[in-house]
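[1] how would this look folded up:
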Amino acid sequence: MDAKTAAAIERLKKNKDLAEQIMRSGDGQKLMDMLAGSDGGAALNRAASAAAKGDTKELSQMLQNLMQNQDAAAVMSRLNDSAKR
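    Residues are numbered from 1 along each chain as shown. Sure, this is the predicted structure:
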């Protein structure tokens, strides 16, 4: 995970209202749909559970894979910009 993404995540951790607002946005919903993938979100749930326990490797890998998709990268860039506000 790059420093810019890590900083955005830290801001969202500190401001739960902003995180909820972003995730309810159209781009937030698109990102969740992309992360849920074809398995109905099972892999996302496993990655989120592991991340909650301190192991962010699987979730980071999911995000890195998404960043290779132009549409997903654009969504994540817009979400990152929203988190800066």
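[2] so which bits of the host helix or strand of residue 81 are buried?
    For residue 81, the element it lies in under DSSP states H and E is helix 70-84. Buried positions in helix 70-84, judged by neighbour count with 16 or more other C-beta atoms under 10 Å: 72, 75-76, 78-80, 82-83. For glycine as for every other residue, the C-beta is placed from the backbone atoms N, C-alpha and C.
[3] switch the residues you listed over to JSON lines; also include pLDDT.
    As requested, the buried residues of helix 70-84 are exported to JSON lines (pLDDT from 0 to 100):
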{"residue": "72", "pLDDT": "88"}
{"residue": "75", "pLDDT": "89"}
{"residue": "76", "pLDDT": "84"}
{"residue": "78", "pLDDT": "88"}
{"residue": "79", "pLDDT": "84"}
{"residue": "80", "pLDDT": "80"}
{"residue": "82", "pLDDT": "78"}
{"residue": "83", "pLDDT": "74"}
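[4] what's the closest of those residues to residue 13?
    Comparing these against residue 13 with C-beta to C-beta places residue 83 closest, at 10.5 Å.
[5] does the closest one touch residue 11 like I think?
    Yes: applying C-beta atoms under 8 Å, one finds residue 83 in contact with residue 11, separated by 5.4 Å.
[6] the residue nearest to residue 72 when sequence neighbours are not counted and residue 13, how far apart?
    What sits nearest to residue 72 in space, not counting adjacent residues and going by C-beta to C-beta, 6 or more residues apart in numbering, is residue 66, at 4.0 Å. Separation of residue 66 from residue 13 (C-beta to C-beta, to the nearest Å): 20 Å.
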